[in-house]
Structures are given as C-alpha cells and as structure tokens.
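[1] build the 3D model from these lines:
(one chain, ligands or ions: 1)
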Amino acid sequence: MLYHSTRSKEKTVTASQAILKGLSDDGGLFVPEAIPALDKSLTELSQMTYKEIAYEILKLYLTDFTKEELENCINKAYDTKFDTEEIVPLAEADGAYYLELFHGATIAFKDMALSILPHFMITAAKKNQVKNEIVILTATSGDTGKAALAGFADVAGTRIVVFYPKNGVSPIQEKQMVTQRGENTSVVGITGNFDDAQTGVKMIFSDKELEKEMDAKGFQFSSANSINIGRLVPQIVYYVYSYVKLLAEGKIKEGEKINVVVPTGNFGNILAAFYAKNMGLPIDKLICASNENKVLYDFFQTGTYDRNRQFILTSSPSMDILISSNLERLIYRIAGNDPDKNVALMHSLSQNGSYSITDEMRKELADFRGYYASEEETTDTIRDLYEKCGYVIDTHTAVAAAAYNKYKKETGDHTKTVIASTASPFKFSRSVMKAIAPDKAEMEEFALVDELSALAGVPVPKAVNELRTAPVVHDHIYDKSAMVDAVKAFLGM
Ligand SMILES: *Cc1c(COP(=O)(O)O)cnc(C)c1O
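    The predicted model follows:
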C-alpha cells in the first residue's frame, strides 16, 4: 500500500514515510492509493479482542510494518493506560449505542490514536534510518494537546511542542496540559483561536529555510495532528469493533446496516467511519454533528464550504473549528481522486475562505447527513438523557445526541445507531453540571468533579484525580505571530 498527496499523485511514499512526514511537501494530506477491503468476515472479527481487530485493520494500511512491529505498537498503546480491558465499551441509552472512546490516559477520544502514534513514529524512524530527533508540533483545540503530550512524553528520539488557544480551552483541559511532565515536552498558550494555532503550525511546517536550519541542528518536524495518516487509521478500528460487538451480542444480524453519528470538528473521526464503510463495514448513514460553528452543516446543506463567519466559543471547544482539515481527504475523493480539482478548491479556501463543489461531487455525499445543535439544545440533551436513563454524557457527545434526535425526528429512520462518545463528562464537568444540576454548577472545580461522580454514579477518572495536586510546569504565552520563536527557544536554536 502506497500513499500520495491529495494535491499531486506524482510522488508516492510508504506508510512509514507518510507517518513521519505528517503533511505532504505540497501542503496536501496523504491518502492511500486505494481504500483496502476487510479481509476477514464480520463473524470472524466478532470473535476477536480490540487488539486483534486493530491488527486486522492496521495490517491493511501499514503494509511496510512487520507483524511483530504492528503487534508491538498495539500492545504498547492499548494497555493499562485504559481503565477497561474492553478499551471502548458500548453503552446503550435511550435506544442508541454510545461508543465510549474516552477510557484512555486523557479521557477523550484522541487517546485512541495518540496512544499508538508515538510507537508508529519510532518504528517508522528506525525503518527509514532517520538520524534526526523528531520534533512533534501540534495545534490543539483542547484534547489533542494533552493526548499527544501523554503519548510522546519521554519517548526517546522525540520532542513535542503543543500550541493551544490561551482562552479557548476548558480549565481542566488547560491544567492537564500545563502540568505535563517530561523533559521533551513544551506547552505554549497563544493569543488567538484554534484556527490561528493550526494555521501557524502549517506555516512552520512549510518553511523551507527553517527546515534546513533544523536539519543542521539534528531536528526534523512531524505532526501529531489529525491530518497524520497514523492517526486516521487507528480510528477506523473502533467503528469495526463497535459493529462486531453489536453482532456478537446479537443486537444486529451480519450485514445489517447501522448508522453512525460523530461529533465533528476537524473531520478526522467521521472520516475514519467513512473509510470503515468503504472497507466494507455495513454503515448506512454517516451523521456529521456540529456545534454552533456549523460550517460543516452548511456545507452538507448547500455544497458550499464557507469559513467567513464569526468564530463562536461553545461548551464543546474541541469542535470549535472553522477549517476542518481532514475534509480535504473527502473532497479529493469525491472529486474523483483528482488532485487538480482538489487543489483548485483548496486554493479558493485559502484565498477566499470558501469554495463550492459541483453537483456531481455533491451526489457522492449521499451517505452523509449534517446536523447541528445550539448551546441550548446541547444542554437540554444532556439533561434529558440523564433524567430519562441516568446516563451522563459530555458536551461534545451531547451535540451528537442532539443531532441524532433531530435526524430521527426528521426522517423516522430507526436504524440501529452508534454515537461516538468522544469525551468523559468529567472533562467538561461545569458545563455538564449546568445541564443536570444547575444549582451546583458554581462549585469549585474539584468539588464539582466529586459532585458529578455522585450524581452519575461513576468514579472520578484517574486522569482528573491526578490534577488535584499536580504542579504547573509550563507557563509560556506567545503571540500567534511568534509561534516559530517558541519552537526555536525550546530547541535552543
Ligand atoms: C477532537 C474532538 C472532537 C472532534 O473530532 P474531529 O476528528 O476533529 O472531528 C470531538 N469531540 C472531542 C471530545 C474531541 O476531543
């Protein structure tokens, strides 16, 4: 399996090279030459553990890794960092299946991919005789940052710099990041929003002069952002797992189609579901849920992607995004895998902040549905589900649940549905408490956490308990225009 850029097919790279580079030199995203088909039956897969299924998926994409290498990566990633052996439990509530992707080190779904990416990277570096130290640069809207820090901390041969919008993440998210240990880690708050952080990182990546300077000092950049193919592929695994789990439990019959609902920001998680579907997993509708930054909802409604709008800070900050980077992989595909068509649209996006796809391309999106939830609808959804079932979901998952309710109401479609539950409610405890017990929402951060634990009947996760006493070790703030200075300072350049 080889990979090429969404902006040119001329050069192909191996999976390990694509993982090391993150982004292609031409600014495009790496895509596999073809999406591989599952080579085991769903019934066979339904008898496997999460790790075994992970191997069955990864081997189809990372074909230049040996079986031993892949198994080693999988074993190091999906171990006791997860608080359940199942890795991703499936909880039934109010007629839907919540796929709990938040049982890893940082209690959000980013752990699913970022637990394994560092191991892919060191394996890939060895394979490609890389001598330089790998410097991971990451822009985060809150969850990626901590998950990447946790994944890379003290991994030999790597360093990591994380940029986050100083006023755009939750207090728990910020505390999680600024208390990160590890000599090889740096955390920088920037005066700007997530899109500024992401744009800044992309600019640093494409700076050829800097690349030379870095190489002379024995460093090279790579990305842990969701554009890295090494993040996309591990995310396919849990969609397959959720399907075969339902099959094993007799909730569905082999081949029966399910719908999938994904709370979406950068379009990575839902793209993984789309890949799963294209590998042969019986998924019918892919329901893309947005918060009030509903650029994707508008896109699915109209065929026009338009980022020219006000950026809204919501209670689901990990979805406060106006440029969904991973959408480029879908655009490339619906443009008939034509890089030139994709380049024209992406050029229009960077020049005008918008682009419109053709009617022909829109037809290719028939399986997608876009919905969005307002802040009020998000809160109402958390409360309703709690009152009805006693099940507490976080704000991001609530956006998805609200979207799903709207979809059901509009279509009457009662196909069995998996909702990607992307964060623990403990990560956004104040917003969650505002929904289920507003009179208690003003409590101090950790009292709030304890109260939530009592109400939900769920123990406080270790990741949150640790924060009670963890010292702050990162306090750098930079202007969004000076991100490169932060990197140079950390590397001693
Ligand atoms: C990152 C994140 C999302 C959005 O996922 P994308 O892959 O960027 O679409 C949703 N919910 C949570 C909790 C997240 O951390």
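[2] which bits of the stretch 51-200 of the chain sit near the ligand?
    108-110, 143 (CB under 6 Å from any ligand atom). C-beta here means a position set from N, CA and C on the backbone, and glycine is covered the same way.
[3] show me what contacts I436?
    By CB atoms under 8 Å, 6 or more residues apart in numbering, the contact list for I436 reads 382-383, 386, 392, 455.
[4] quick revisit: out of the residues of the stretch 51-200 of the chain next to the ligand, grab the one that's most surrounded.
    Neighbour counts for those (other CB atoms under 10 Å) peak at K110, which has 33 neighbours.
[5] now for it: which residues touch it?
    Applying CB under 8 Å, 6+ apart to K110 gives the contacts 143-144, 146-148.
[6] how about 10 Å then?
    Counting by CB atoms under 10 Å, 6 or more residues apart in numbering, K110 touches 101-102, 104, 117, 140, 142-148, 150-151, 224, 226, 231, 235, 268-269, 318, 422-423.
[7] swap in Q176?
    Residues in contact with Q176, defined by CB under 10 Å, 6+ apart, are 105-108, 142-143, 145-147, 149-150, 169-170, 187, 427, 463-464, 466-467, 470.
[8] in PyMOL, select just the buried ones from the residues you listed.
    Applying 16 or more other CB atoms under 10 Å to the contacts of Q176, the buried members can be selected in PyMOL as follows:
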select buried, resi 105+106+107+108+142+143+145+146+147+149+150+169+170+187+427+463+464
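[9] now intersect the contacts of Q176 with the strands, please.
    V187 (DSSP state E).
[10] which residues does F102 contact?
    Shown in contact with F102 (CB under 10 Å, 6+ apart): 82-83, 88-89, 108-112, 143, 394, 396-397, 421-427, 461, 463.
[11] redo that, cut-off 6 Å
    Taking CB atoms under 6 Å, 6 or more residues apart in numbering, we find F102 in contact with 108, 423-424.
[12] quick one, phi/psi of it?
    phi -120, psi 30 (degrees, to the nearest 10).
[13] quick one: pLDDT of it?
    For F102, the pLDDT comes out at 97.
[14] burial of the nearest residue to it once chain neighbours are set aside, as a residue count?
    Ranked by CB to CB, 6 or more residues apart in numbering and with sequence neighbours excluded, the top spatial neighbour of F102 is S424, at 4.3 Å. Around S424 there are 29 other residues, counting by other CB under 10 Å.
[15] right, and S424 touches I107 too?
    Yes - with contact defined as CB atoms under 6 Å, S424 reaches I107; the gap is 3.9 Å.
[16] now do the shared contacts for the two.
    Contact criterion CB under 6 Å, 6+ apart; residues shared by S424 and I107: P461.
[17] residues contacting the closest residue to the ligand within the stretch 51-200 of the chain?
    Nearest residue of the stretch 51-200 of the chain to the ligand: D143, at 3.2 Å (CB to the nearest ligand atom). For D143, the contacting residues are 108, 110, 318, by CB under 6 Å, 6+ apart.
[18] give me that answer again for 10 Å
    Listed by CB under 10 Å, 6+ apart, the contact partners of D143 are 102, 106-111, 114, 169-170, 173, 176-177, 265, 317-318, 396, 422-423, 427.
[19] shaky segments in the stretch 51-200 of the chain?
    The stretch 51-200 of the chain contains no residues with pLDDT under 70.
[20] in it, what residue spans correspond to strands?
    Secondary structure of the stretch 51-200 of the chain by DSSP state E, counting those that start in this stretch: the strands cover 90-93, 96-100, 133-139, 158-165, 185-191.
[21] from the ones you listed, which stretch is densest packed?
    Across the strands of the stretch 51-200 of the chain, the average number of neighbours (mean count of other CB atoms under 10 Å) peaks for strand 158-165, which reaches a mean of 25.
[22] find the nearest non-adjacent residue to T191, please.
    D479 (5.3 Å).
[23] which bits of the stretch 351-493 of the chain sit near the ligand?
    Checking the stretch 351-493 of the chain against the ligand by CB under 6 Å from any ligand atom, the hits are 396, 422-423.
[24] neighbour-wise, which of those residues leads?
    Comparing these by number of neighbours (other CB under 10 Å), H396 comes first, having 33 neighbours.
[25] the helices in the stretch 1-150 of the chain, which residues?
    Here the stretch 1-150 of the chain has its helices, by DSSP state H, counting those that start in this stretch, at 15-21, 42-45, 50-61, 67-77, 110-114, 117-127, 143-152.
[26] tell me the gap between the first one and the middle of its chain.
    Relative to its parent chain, helix 15-21 has a centroid offset of 18 Å by CA atoms, centre = their mean, to the nearest Å.
[27] elements contacting it?
    strand 3-5, strand 8-13, strand 30-32, helix 50-61, helix 117-127, strand 219-223, helix 229-248 (3 or more CB pairs under 10 Å, 6 or more residues apart in numbering; DSSP states H and E).
[28] ok, now the fourth one?
    In this structure, helix 67-77 packs against helix 50-61, helix 110-114, helix 117-127, helix 229-248, with contacts taken as 3+ CB pairs under 10 Å, 6+ apart.
[29] just to revisit the earlier point, now the residue nearest to F102: phi and psi?
    Reported as degrees, to the nearest 10, the phi and psi values for S424 are phi -70, psi 140.
[30] how close does it sit to G104?
    S424 is 10 Å from G104, where distance means CB to CB, to the nearest Å.
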